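Trainee: sequence and predicted model, in that order:
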Amino acid sequence: METITNIAYLIASILFILGLRGLNSPKTARLGNLLAAIGMFIAIVVTLFDKEIIDFTYIIAGVVIGSAAGAIWARWVPMTAMPQTVAIFNGFGGGASALVGIAEFFRMTAPPTMDVSITLVLGLLVGTITFTGSLVAFSKLQGLLKGAPMVFPFQQTLNLILLAITLVIGVLFVLGTPTLDKVVLIFLIGSVLGVLVVIPIGGADMPVVISLLNSYSGVAAAMTGFVLSNNVLIISGALVGASGLILTNLMCKAMNRNLRNVLFGRVGVEVGKELAVAEKRRVTSHTPEDAVMMLEMASSVIIVPGYGLAVAQAQHILHELAMQLMKRGINVRYAIHPVAGRMPGHMNVLLAEANVPYDMLYEMDAINEDFQRTDVALVVGANDVINPAARNKKGSPLYGMPILNVDRAKTVIVCKRSLRPGFSGEDNEIFYLEKTMMVFGDAKETLTKMVGLLKEL
């Protein structure tokens, strides 16, 4: 039985690796998810039978309830809520790891070995930080908490003190007597730390936070795997932890920030504080008819989607607009900024739902030089990722972040509800350029009018 179990775990691990590899590209992401899900199914089934469980009543009930909840959530959640869905799922993973560690502690009939004690403490600490930190991230993304940084005096000092106290308790747990009160204290302090490390992070850094919390959930799972002596849990947790850390690093590079600045800095201001500044400047409002006239005369168009596209749920009508332009022989492409939206890959997921061909999607590095040779850049809901302040305004929260070179296109059409700044709170100079056509209104309604006008021509 042990040989069969190890072979099954090896197959599951291979499927996990292939699944992660598939997530490298939008073309293979669905297959990657499927392979990883099959691997997890194999791992769960084999583990359950390997442990020779006598009564499966509660396990079956948990599987049915959890599967139903997951299926309903996946069907019900709109694309605008996908980032907070990912955040809460990260939290569930960390919370589950923490609870398993606690349950294993209660099940122990003898003092644990040092390696088990160390991994139990680490799994409990990282798991609780992941759980409460993910709840805060979810609340910020959902609008239950304000998206701007929430700070107070000596906040980082308090974090360091709490972490030091936790480490002391952990050392006493490992080298001394592993008692319940130490477990409870680590659980409570870890929960508080999770809240404190996320509340000072503003909306502009949410993609980094989500990927980092994803990494934390993997680390917590791997630590729990050591506690349970379960190889497949160690492998899967390590894969998630490592891939999440790599993704976090990529997100930081895309924003020209380092991880320390994200964790200990503060980016983003309350939008209301910047509104008065933005609205003192005047722009000329254009109509969908004006925009269609400009698009029809173009030979090349680059579409730049942003979070506003997800808010308006306009991805389907946007692709229909692109198809109408392509029927007229216009070269149409989508420019994807790596941190557009509220989570890594948000725009890829959004456009995939609208069945946009993958070969129309171009990453920032692959298309940025083409803007200067493009007739029209059509911006739908993007803001910070196209803001020139990132290039030339020192002191701006965006300064140094690589952006899409939208301002270098011959004409810029921006579909936006208002002149409100993005999550950084930085006003966007593009809105006031002579070559920019601002088309105000709901993106879905605006694009629908534009598609209708194109069909009439």
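Mentor: Nice, thanks for sending it over.
Trainee: domain parsing of this structure, as residue ranges.
Mentor: 77-264, 272-456 (automatic domain parsing).
Trainee: for those domains, give me TSV that also has mean neighbour count and mean pLDDT.
Mentor: (C-beta placed from N, C-alpha, C; glycine too.) Formatted as TSV, those follow (neighbours: other C-beta atoms under 10 Å; pLDDT from 0 to 100):
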stretch	mean neighbour count	mean pLDDT
domain 77-264	20	89
domain 272-456	19	89
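Trainee: C415: what secondary structure?
Mentor: strand (DSSP: H, G, I helix; E, B strand; the rest coil).
Trainee: show the contacting residues for it.
Mentor: Applying C-beta atoms under 8 Å, 6 or more residues apart in numbering to C415 gives the contacts 291, 308, 378-381, 439, 441, 443, 446-447.
Trainee: farthest pair in the residues you listed?
Mentor: The distance between the two most remote of those (C-beta to C-beta) is 15.7 Å, for A291 and G308.
Trainee: ends of stretch 317-337, what's the gap?
Mentor: Stretch 317-337 stretches 20 Å from its first residue to its last (C-alpha to C-alpha, to the nearest Å).
Trainee: same thing with stretch 367-376?
Mentor: 14 Å.
Trainee: got a list of contacts for it?
Mentor: Here stretch 367-376 has contacts from 294-295, 297-302, 333, 335, 377, 404-406, 408-413, using C-beta under 8 Å, 6+ apart.
Trainee: mind listing the helices for the stretch 201-350 of the chain?
Mentor: 206-228, 231-254, 259-264, 271-279, 288-297, 307-312, 315-327, 346-353 (DSSP state H, counting those that start in this stretch).
Trainee: out of these, flag the one nearest N428.
Mentor: Once the helices of the stretch 201-350 of the chain are compared by C-beta to C-beta, helix 271-279 is nearest, at 8.3 Å.
Trainee: roughly how far out does stretch 407-415 sit from the chain middle?
Mentor: Centre-to-centre, stretch 407-415 and its host chain are 27 Å apart (C-alpha atoms, centre = their mean, to the nearest Å).
Trainee: who are the contact partners of E296?
Mentor: Applying C-beta under 8 Å, 6+ apart, the residues near E296 are 328, 454, 457.
Trainee: from L457, how far out is it?
Mentor: Distance, E296 to L457, using C-beta to C-beta, to the nearest Å: 7 Å.
Trainee: how about L18?
Mentor: From L18 to L457 the distance is 48 Å (C-beta to C-beta).
Trainee: turn the helices of the stretch 201-350 of the chain into TSV, columns for distance to I53.
Mentor: Below are the helices of the stretch 201-350 of the chain laid out as TSV (distance: least, C-beta to C-beta, whole Å):
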stretch	distance to I53
helix 206-228	14
helix 231-254	16
helix 259-264	41
helix 271-279	53
helix 288-297	62
helix 307-312	43
helix 315-327	45
helix 346-353	37
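Trainee: nearest approach to L31 belongs to which of the ones you listed?
Mentor: helix 346-353 (12.7 Å).
Trainee: what's in contact with that closest one?
Mentor: With C-beta under 8 Å, 6+ apart, helix 346-353 has contacts from 26, 29, 79, 82-83, 207, 305-307, 309-310, 315-316, 319, 334, 336-337, 340-341, 358, 361.
Trainee: cool, and stretch 36-54?
Mentor: By C-beta under 8 Å, 6+ apart, stretch 36-54 touches 1, 4-5, 8-9, 11-16, 18-20, 22, 56, 59, 230, 232-233, 236.
Trainee: what of stretch 450-457?
Mentor: By C-beta under 8 Å, 6+ apart, stretch 450-457 touches 288-289, 291-292, 295-296, 317, 320-321, 324-325.
Trainee: looking at the contacts of E296, spot the one nearest S97.
Mentor: L454 (52.1 Å).
Trainee: so where does that closest one fall, helix or strand?
Mentor: For L454, the host element (DSSP states H and E) is helix 443-456.
Trainee: dump that helix to CSV, keeping only the CA atoms.
Mentor: Extracted C-alpha coordinates of helix 443-456, given in CSV (Å, rounded to 0.1, in the frame of the first residue of the first chain):
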residue,chain,number,x,y,z
ALA,A,443,-18.0,51.9,-20.5
LYS,A,444,-20.5,49.3,-21.4
GLU,A,445,-23.1,51.9,-22.5
THR,A,446,-20.5,53.9,-24.4
LEU,A,447,-19.0,50.9,-26.2
THR,A,448,-22.5,49.6,-27.1
LYS,A,449,-23.3,53.0,-28.8
MET,A,450,-20.0,52.8,-30.6
VAL,A,451,-20.6,49.3,-31.9
GLY,A,452,-24.1,50.3,-33.0
LEU,A,453,-22.7,53.3,-34.9
LEU,A,454,-20.1,51.1,-36.6
LYS,A,455,-22.7,48.7,-37.8
GLU,A,456,-24.7,51.5,-39.3
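Trainee: got the angle for that helix vs helix 288-297?
Mentor: With axes from the mean of the first three to the mean of the last three C-alpha atoms, to 10 degrees applied, the angle from helix 443-456 to helix 288-297 works out at 60 degrees.
Trainee: can you give the distance of helix 443-456 from its chain's centre?
Mentor: The answer for helix 443-456 is 31 Å, by C-alpha atoms, centre = their mean.
Trainee: related to what we said a few turns ago, of the contacts of stretch 36-54, select the buried ones using a ChimeraX command.
Mentor: To isolate the buried ones among these in ChimeraX, judged by 16 or more other C-beta atoms under 10 Å, type:
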select :5,8,9,11,12,13,15,16,18,19,20,22,230,232,233,236
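Trainee: do I have it right that L18 meets T28?
Mentor: No. Contact criterion C-beta atoms under 8 Å: L18 and T28 do not qualify, at 9.6 Å.
Trainee: and G32, which helix or strand is it part of?
Mentor: Applying DSSP H and E, one finds G32 within helix 29-50.
Trainee: then that helix to PDB, C-alphas only?
Mentor: Extracted C-alpha coordinates of helix 29-50, given in PDB (Å, rounded to 0.1, in the frame of the first residue of the first chain):
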ATOM      1  CA  ALA A  29      -4.100  28.300 -18.200                       C
ATOM      2  CA  ARG A  30      -7.400  26.300 -18.300                       C
ATOM      3  CA  LEU A  31      -5.600  23.100 -19.000                       C
ATOM      4  CA  GLY A  32      -3.100  23.900 -16.200                       C
ATOM      5  CA  ASN A  33      -6.000  24.400 -13.800                       C
ATOM      6  CA  LEU A  34      -7.500  21.100 -14.800                       C
ATOM      7  CA  LEU A  35      -4.300  19.200 -14.400                       C
ATOM      8  CA  ALA A  36      -3.700  20.700 -11.000                       C
ATOM      9  CA  ALA A  37      -7.200  19.900  -9.900                       C
ATOM     10  CA  ILE A  38      -6.800  16.300 -11.100                       C
ATOM     11  CA  GLY A  39      -3.600  16.100  -9.100                       C
ATOM     12  CA  MET A  40      -5.200  17.400  -6.000                       C
ATOM     13  CA  PHE A  41      -8.100  14.900  -6.400                       C
ATOM     14  CA  ILE A  42      -5.700  12.000  -6.700                       C
ATOM     15  CA  ALA A  43      -3.800  13.200  -3.600                       C
ATOM     16  CA  ILE A  44      -6.900  13.600  -1.500                       C
ATOM     17  CA  VAL A  45      -8.400  10.200  -2.400                       C
ATOM     18  CA  VAL A  46      -5.100   8.400  -1.800                       C
ATOM     19  CA  THR A  47      -4.500  10.100   1.500                       C
ATOM     20  CA  LEU A  48      -8.000   9.200   2.800                       C
ATOM     21  CA  PHE A  49      -7.600   5.600   1.900                       C
ATOM     22  CA  ASP A  50      -4.000   5.400   3.100                       C
END
